[in-house]
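Asker: My questions are about this predicted structure, shown below with the sequence.
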Amino acid sequence: EPEVTQTPSHQVTQMGQEVILRCVPISNHLYFYWYRQILGQKVEFLVSFYNNEISEKSEIFDDQFSVERPDGSNFTLKIRSTKLEDSAMYFCATAGVLTDTQYFGPGTRLTVL
Amino acid sequence: QKEVEQNSGPLSVPEGAIASLNCTYSDRVSQSFFWYRQYSGKSPELIMSIYSNGDKEDGRFTAQLNKASQYVSLLIRDSQPSDSATYLCAVPFGNEKLTFGTGTRLTIIP
């Protein structure tokens, strides 16, 4: 069964450093999302992406964040200058054209020291 | 502010019994509703989707939707220890982004 994959599974970085989180969507899916979950809190929407552009973003998704689909397969989330409060699980989710059902990847645990 | 509300639990249910999980949502025009299961440290895993009023059954799981009351529930029959997890209710408000509840932590007692 096709599934969303994410790399790395765990990323440790120093405050102020840039990180790039990668996602490989299910092959025929065209809608892509990033969510995050701070430990012990609810899953929060960050950004949605369709047709090579952002379709919606939350107030969390400020100028430090960016997304792109650099090569037609990967979907990436970049955090330019990480802060301590960026420590969280980051989940990529994808959906097909004819459905609003989103399938989640296994997540990347980001730890900012 | 559009909200999804769940009782955070913990909810403890004996093995073999029925577990009942509830969710309310604030946007009357919502059309689709999702239940995800999340094991500790793992990602949300889709359990059920429901779009129409009434019941939808899939194996041991039954989702129930009442749009007039803005209420959606998940029943798990013949509960197993492997069902112990946090169950997340999610609703796409307007656009396709999902708004999640805080989740209900379910423990099945052998």
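Answerer: Noted; the coordinates are in hand. Residues are numbered from 1 along each chain as shown, chains lettered A, B, ... in the order given.
Asker: my guess is residue B:5 meets residue B:99, correct?
Answerer: No - the pair residue B:5 and residue B:99 does not pass the contact test of C-beta atoms under 8 Å, sitting 10.7 Å apart. Just so you know, the C-beta spots here come from the backbone N, C-alpha and C atoms, and that holds for glycine as well.
Asker: Comparing the two, which shows the higher neighbour count?
Answerer: residue B:99 (22 against 14; other C-beta atoms under 10 Å in any protein chain shown).
Asker: per-residue confidence at the residue located most distally from the centre of chain B?
Answerer: The centre of chain B is farthest from one residue, residue B:110, which by C-alpha atoms, centre = their mean lies 22.1 Å away. pLDDT for residue B:110: 94.
Asker: now swap in residue B:95 and tell me
Answerer: 66.
Asker: ok, the residue lying closest to residue A:36 once chain neighbours are set aside - contacts?
Answerer: The shortest distance from residue A:36 to any non-neighbouring residue, by C-beta to C-beta, 6 or more residues apart in numbering or on different chains, is to residue A:88 (4.5 Å). Going by C-beta atoms under 8 Å, 6 or more residues apart in numbering or on different chains, residue A:88 touches A:36, A:37, A:38, A:39, A:109, A:110.
Asker: Can I have the buried ones of these as a ChimeraX selection?
Answerer: This is the ChimeraX syntax for the buried subset of those, where burial follows 16 or more other C-beta atoms under 10 Å in any protein chain shown:
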select /A:36,37,109,110
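Asker: Nearest to residue B:68 among the contacts of residue A:88?
Answerer: residue A:37 (31.6 Å; C-beta to C-beta).
Asker: returning to that earlier point: now the residue farthest from the centre of chain B, nearest residue through space, not along the chain?
Answerer: residue B:15 is the one closest to residue B:110 (C-beta to C-beta, 6+ apart), at 5.1 Å.
Asker: who does the spatially most central residue of chain A bridge with?
Answerer: Most central in chain A under C-alpha atoms, centre = their mean is residue A:34, positioned 3.4 Å from the mean C-alpha point. Note on residue A:34: beta-bridge partners by DSSP bridges are residue A:47, residue A:92.
Asker: which bits of chain B sit near chain A?
Answerer: Taking C-beta under 8 Å from any C-beta of the partner chain as the contact definition, chain B meets chain A at B:32, B:34, B:36, B:42-46, B:49, B:88, B:90, B:92, B:95-103.
Asker: ok, of the residues you listed, which come out buried?
Answerer: Here, 16+ other C-beta under 10 Å leaves B:32, B:34, B:36, B:43-44, B:49, B:88, B:90, B:92, B:96-103 buried among these.
Asker: what's the burial count for residue A:105?
Answerer: Residue A:105, neighbours per other C-beta under 10 Å, totals 25.
Asker: still on that earlier bit, distance of the residue nearest to the centre of chain A relative to residue A:91?
Answerer: 7 Å (C-beta to C-beta, to the nearest Å).
Asker: doesn't residue B:42 fall inside a strand?
Answerer: No - counting by DSSP: H, G, I helix; E, B strand; the rest coil, residue B:42 is not part of a strand but coil.
Asker: In chain A, mark out all the strands, start to finish.
Answerer: A:5-7, A:10-13, A:19-24, A:31-37, A:44-50, A:53-57, A:65-68, A:75-79, A:88-95, A:103-104, A:108-112 (DSSP state E).
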